[in-house]
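Q: mind folding the following:
(2 chains)
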Amino acid sequence: EPEVTQTPSHQVTQMGQEVILRCVPISNHLYFYWYRQILGQKVEFLVSFYNNEISEKSEIFDDQFSVERPDGSNFTLKIRSTKLEDSAMYFCASGDGYEQYFGPGTRLTVT
Amino acid sequence: GDSVTQMEGPVTLSEEAFLTINCTYTATGYPSLFWYVQYPGEGLQLLLKATKADDKGSNKGFEATYRKETTSFHLEKGSVQVSDSAVYFCALSDRGYQLIWGAGTKLIIKP
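A: A predicted model of the protein is given here:
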């Protein structure tokens, strides 16, 4: 069964550093998403991506964040200058416009 | 804006007990409703969904009915197992883009 994969599973970085979180969506999906879950809190929407552009983004998704689909298979989330409060589990999802299928997540720890 | 409210956890039950996890929503349109499950150390899995009023979603013995009149989508299972221990999230999608999430309810099943 096709699944969404994410790498790395855990990333530790120092405050101010750039990180890139990678996702491989399900191959025939056209909609891509990033969500995050701060430990013990609810899942929060960051951004959705369709037809090679951002279709929707939340207030969290400020200028420090960017997304890219560089090669038609990967979908990346870049955080330019990480802050302590960016520590969270980041989930990628892909979908067909009706359902969203989630990857296992990347745990980002900013020290 | 749209929102989802679910009962606080943890919910602790004995094996074979009846389960109800309450979920209510507010939305300006006609959302699709979802239950996701997160097993310890894993990602978010779609458990069941309903796309219109009076639809019943079901999977793995779990059920939820989309009640427009009470704006609810309560999750039920007739006889829980230890393996059902997880965090359950209620979510809605209005317009097919971002998912809006409840806070999650941790379920603990004791043998």
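Q: poorly predicted segments of chain B, please.
A: Residues of chain B that meet the criterion pLDDT under 70 lie in B:95-96.
Q: A:Gly103: neighbour count?
A: Counted by other CB atoms under 10 Å in any protein chain shown, the residues lying close to A:Gly103 total 24. Using the backbone N, CA and C atoms, a C-beta is placed for each residue, glycine as well.
Q: residues contacting A:Met15?
A: By CB atoms under 8 Å, 6 or more residues apart in numbering or on different chains, the contact set of A:Met15 is A:82-84, A:110-111.
Q: ok, these vs A:Glu59, which is closest?
A: For these, the minimum distance to A:Glu59 (CB to CB) is 15.1 Å, reached by A:Lys83.
Q: got the residues of chain B near chain A?
A: Residues of chain B lying close to chain A (CB under 8 Å from any CB of the partner chain) are B:32, B:36, B:42-46, B:49, B:51, B:89, B:91, B:93, B:96-104.
Q: so what's the residue count around A:Tyr50?
A: Residues near A:Tyr50, counting by other CB under 10 Å, number 15.
Q: which residues does the closest residue to it other than its chain neighbours bridge with?
A: Spatial nearest neighbour of A:Tyr50, excluding adjacent residues (CB to CB, 6 or more residues apart in numbering or on different chains): A:Tyr31 at 5.2 Å. Beta-bridge partners recorded for A:Tyr31 (DSSP bridges): A:Tyr50, A:Gly95.
Q: hang on, A:Tyr31 packs against A:Tyr98?
A: No: A:Tyr31 lies out of contact with A:Tyr98 (CB atoms under 8 Å); the separation is 9.3 Å.
Q: so between the two, which is more surrounded?
A: Neighbour count, other CB under 10 Å: between A:Tyr31 and A:Tyr98, A:Tyr31 has more, with 20 against 11.
Q: and the more buried one, how far from B:Thr71?
A: 26 Å (CB to CB, to the nearest Å).
Q: ditto for B:Leu33
A: 10 Å.
Q: quick one: the contacts of A:Met15 as CSV, columns for secondary structure and pLDDT too.
A: Below are these laid out as CSV (DSSP: H, G, I helix; E, B strand; the rest coil; pLDDT from 0 to 100):
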residue, secondary structure, pLDDT
A:Thr82, coil, 97
A:Lys83, coil, 96
A:Leu84, helix, 97
A:Val110, strand, 98
A:Thr111, coil, 97
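Q: what's the burial count for the nearest residue to B:Ser3 once chain neighbours are set aside?
A: Among residues not flanking B:Ser3 along the chain, B:Thr26 sits closest, at 5.1 Å (CB to CB, 6+ apart). Using other CB under 10 Å, B:Thr26 has 13 other residues around it.
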